[in-house]
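Peer 1: Everything below, folded, please.
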Amino acid sequence: MNDLRVKIITYGCQMNEYDSHLVASELAARGAHLVETVEEANFVLVNTCAVRGKPVEKVKSLLGQLRKEKQRRGGRFVIGMMGCLASLEEGQAIARDFGVDVLLGAGAIHKIGEALEKLEPFWDVGFYPELDEVVPPPPAGALSAYVTLIRGCDHHCTYCVVPRTRGPEVSRHPDLVLREVEQLVAAGVVEITLLGQNVNSYGKDDPSYPDFADLIRQVAALGVRRLRFVTSHPMNFSDRIIEAIAETPAVGQYVHLPVQSGSDRVLKRMAREYRRDYYLERVARLREALPDLVLTTDIIVGFPGETEEDFQQTLDLYDEVGFDAAYMFAYSARPGTPSYERFEDLPREVKIERLERLIEKQKQWSLERNRAWIGREVEVLVRGPAKEEHWALGHDQSNHPVLLPAAEVAGPGLYRARIEEASPHMLFGKVLEPALAGSVSP
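Peer 2: Sure, this is the predicted structure:
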């Protein structure tokens, strides 16, 4: 494998980013060289997302380009596909159409070494428990990193492909999680994000494991300066978890809690299990325990059967909660989901018009919430230069994106800053001092 030059291209969520790091580590350990461009590579591996139609179209476009590259090189070029789309019949049909050589489902990515030892095409879309026994090495020089706690999901929302692509909930052994965190802290990582499709149900599948609330405390006790987690389901966001957040300074007061809709009728059709009043009760409990709570959410607009009245209830919920930010999507019908098979889709123009109205609502609330931070001092983890000239980009403990003057930033790292301006999607700060000795890379 010493002559293998690999380019990994990742679409989708943080779990996919973690899985790409896991695969890259396995390939590097086997002697492969990781390269920056397709032109340098003789093996391109695409890590795919299947949650919405848009990333699927992106994958198809990329695979078309890779097929042309393979033809140009006379076949001396390997195309690989992994992740959620690879787990579905839809993705496997796409792989056949575009001449994919290596295909690994989301539960079989640790088979990458075995795949490349064979000369013939290799496809495996099974689910293997040993995947969760892998502890990848820390990413070189990184100040932030992901750690997977649990894979799969036991909820069956009618719009979601995750139970099919990643299977039922399976928690990693806590010893493996804590070992990985220890290695990251020792390597100088200052921010760790705990991952799962439903991270707060960690441990439910094995009574010998700690629950998520206890695991938060155990991870924080290892010396993590910043600790975050995604994604949560409201039905599993218990008082114990809220108490653990409030009692663990490393976690801060940022919570991402998807609501999806403000209409009970739509929530029922989505099979979300909770209703509006329950969600509002969880928000009230969070704000009681976390007075500086920064709350973000996910909302799907234009779900099949959503009426104008249903949508107005979502707008009203946004005003009642006052979310700091939201990831908002027009409903995307995905083959293999119950909503695709049972419900008639709304016209695209209806979905887009409602999405635009919700985005305007979000901008108003985000600007109001962000302006409340003007004058406050925060700790900003700077990742590097921003797209905007003369600025460096980072985020604070509450996960606000923050721009700092590039002239005041010596390099990636932690800085104390004072917020001086705000827009709906960004805070603008002035550097006061590095926040942690040795955390800044010149």
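Peer 1: now the strands for the stretch 51-200 of the chain?
Peer 2: All strands of the stretch 51-200 of the chain, identified by DSSP state E, counting those that start in this stretch, fall at 78-83, 102-105, 122-124, 144-151, 170-171, 191-196.
Peer 1: pLDDT averaged over stretch 354-374, what's the number?
Peer 2: Averaging pLDDT along stretch 354-374 gives 98.
Peer 1: for it, which positions count as buried?
Peer 2: 354-355, 358, 361-362, 365-366, 369-370, 373 (16 or more other CB atoms under 10 Å). All C-beta spots, glycine's among them, are computed from the backbone N, C-alpha and C.
Peer 1: before we move on, what about stretch 57-69?
Peer 2: 59, 62-63, 66-67.
Peer 1: Residue 328 in helix, strand or coil?
Peer 2: Put simply, residue 328 is strand when judged by DSSP: H, G, I helix; E, B strand; the rest coil.
Peer 1: Distance check, it against residue 155.
Peer 2: 21 Å (CB to CB, to the nearest Å).
Peer 1: what do you get for residue 314?
Peer 2: Residue 314 is 20 Å from residue 155, where distance means CB to CB.
Peer 1: Show me which of the two is the more surrounded one.
Peer 2: residue 314 (25 against 17; other CB atoms under 10 Å).
Peer 1: Return the residues in contact with the more buried one.
Peer 2: Residue 314 sits next to 261-263, 266, 299, 301, 358 when contact means CB atoms under 8 Å, 6 or more residues apart in numbering.
Peer 1: hmm, try it at 6 Å
Peer 2: Applying CB atoms under 6 Å, 6 or more residues apart in numbering to residue 314 gives the contacts 261-262.
Peer 1: helix, strand or coil for it?
Peer 2: Using three-state DSSP, the structure places residue 314 in helix.
Peer 1: which residues sit against the strand or helix carrying residue 383?
Peer 2: Using DSSP states H and E, residue 383 sits in strand 377-385. By CB under 6 Å, 6+ apart, the surrounding residues in contact with strand 377-385 are 191, 392-394, 396-397, 402, 409, 412, 414-415, 417-418, 435.
Peer 1: do the same with stretch 181-193
Peer 2: Applying CB under 6 Å, 6+ apart, the contact partners of stretch 181-193 are 138, 142-147, 219, 222-228, 381.
Peer 1: just to revisit the earlier point, turn the contacts of strand 377-385 into CSV, columns for neighbour count, pLDDT and secondary structure.
Peer 2: Formatted as CSV, the contacts of strand 377-385 follow (neighbours: other CB atoms under 10 Å; pLDDT from 0 to 100; DSSP: H, G, I helix; E, B strand; the rest coil):
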residue, neighbour count, pLDDT, secondary structure
191, 20, 97, strand
392, 24, 97, strand
393, 19, 97, strand
394, 26, 97, strand
396, 24, 97, strand
397, 21, 96, coil
402, 26, 98, strand
409, 22, 94, coil
412, 20, 93, coil
414, 22, 95, strand
415, 27, 96, strand
417, 28, 97, strand
418, 14, 98, strand
435, 19, 66, coil
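Peer 1: will you turn these into CSV that also has distance to residue 240?
Peer 2: Formatted as CSV, the contacts of strand 377-385 follow (distance: CB to CB, whole Å):
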residue, distance to residue 240
191, 24
392, 38
393, 35
394, 31
396, 26
397, 22
402, 31
409, 39
412, 35
414, 30
415, 34
417, 34
418, 35
435, 30
